[in-house]
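Asker: coords please:
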Amino acid sequence: MSLFLHGTVDEIEQIAERMRRIRITGPELCDLAWVPGMHIRLRVGDPRSPRSWLHGLLRTYSIWDYSPTGHLDLCILDHSSAGPGAQWSRRVRVGDPAAFTTPEGRLVLREDAPYHLFTGDETAAVAFGAILRALPPSAIVHGAISAEGPGDRLPLKRADRLTWTYRPAHLVEAVRALELPDAPGIAYLAGEARNCQAVRDHLVHERGWSRRAVVVKPFWAPGRRGMD
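Answerer: Got it, this is the predicted structure:
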């Protein structure tokens, strides 16, 4: 049995200045076990190429949206030091084949929370988008998201409850400035590893949160190709 699901690129949209939304469709994508926030590992290199194995055949991407009728959307960040994933997003065209692993991950919606705190950078905003859309209208939301600039802002639901900051401003300072309820909720922390650690330390040591109330998923770190 194949380790990969297979589909076809059906849509490509520039969803932000440096982010492309890529829709993949196919019968193998119907009725997947998916929870908002999960990710897949996308094959971005040629398995017949030694260079692909050297630089990484797979890249991990959060699922922006999914339909059990047979399509999922990825949002892939392009940047100046483009690695294999960003390069794949530049060259892929509608009609091209795509292969990826089944959805997985623990940065997922926790429904039984008094409120939800979202903190991360533009790479984390993709997973946050899926979780935010799945929350009921009555859910209480807070958040701080860091980006390179205003052009990196994704169209997120409940945007009025999210504070965007732009580097070099420190993400932890934006979280420290949030007026949160005295009791902890559930925090979703994702993106650059050091920022995740700094925000978790703030929540645990300064606001008295339990570590069990903080879901941490570092996606990347300087000098690292990926954290998976």
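Asker: Touching, residue 113 and residue 185? I think so.
Answerer: Yes - contact criterion C-beta atoms under 8 Å: residue 113 and residue 185 qualify, at 5.0 Å. For the C-beta atoms, the positions are set from N, CA and C on the backbone; glycine is no exception.
Asker: Any regions of this structure where pLDDT drops low?
Answerer: By pLDDT under 70, the low-scoring segments of the chain are 1-2, 47-56, 223-228.
Asker: switch the cut-off to 50
Answerer: 1, 227-228 (pLDDT under 50).
Asker: any idea where the strands of it begin and end?
Answerer: With DSSP state E as the definition, the chain shows strands at residue ranges 5-16, 19-25, 39-43, 58-67, 71-77, 97-100, 116-121, 141-147, 162-166, 186-192, 214-220.
Asker: Which elements pack onto the shortest one?
Answerer: Counting by 3 or more C-beta pairs under 8 Å, 6 or more residues apart in numbering; DSSP states H and E, the packing neighbours recorded for strand 97-100 are strand 5-16, strand 39-43.
Asker: Give me the angle between the last one and strand 58-67.
Answerer: Meaning strand 39-43. Angle of strand 39-43 versus strand 58-67, following axes from the mean of the first three to the mean of the last three C-alpha atoms, to 10 degrees, is 120 degrees.
Asker: can you pull the contacts of residue 11?
Answerer: Residues near residue 11 by C-beta atoms under 8 Å, 6 or more residues apart in numbering: 21-23, 94.
Asker: try 7 Å
Answerer: Counting by C-beta atoms under 7 Å, 6 or more residues apart in numbering, residue 11 makes contact with 23, 94.
Asker: Next: the one 5 residues further on.
Answerer: Under the criterion of C-beta under 7 Å, 6+ apart, the contact list for residue 16 reads 151-154.
Asker: Next: residue 97.
Answerer: Going by C-beta under 7 Å, 6+ apart, residue 97 touches 6, 8.
Asker: and if you look at the one 5 residues further on?
Answerer: By C-beta under 7 Å, 6+ apart, the contact set of residue 102 is 5, 32.
Asker: buried subset of the contacts of residue 16?
Answerer: Neighbour counting with 16 or more other C-beta atoms under 10 Å marks 152-154 as buried within these.
Asker: which of those residues lies closest to residue 68?
Answerer: Relative to residue 68, the closest of the buried ones among the contacts of residue 16 is residue 154; by C-beta to C-beta it sits at 23.1 Å.
Asker: ok, and the closest non-adjacent residue to that closest one?
Answerer: residue 125 (4.7 Å; C-beta to C-beta, 6 or more residues apart in numbering).
Asker: And the one you found, how far from residue 104?
Answerer: Distance check for residue 125 against residue 104: by C-beta to C-beta, to the nearest Å, it reads 20 Å.
Asker: Those two: who's more crowded?
Answerer: Between residue 125 and residue 104, counting by other C-beta atoms under 10 Å, residue 125 is the more crowded of the two (30 against 15).
Asker: mind giving me the domain split of the protein?
Answerer: With automatic domain parsing as the criterion, the domains of the chain are listed as 5-100, 116-220.
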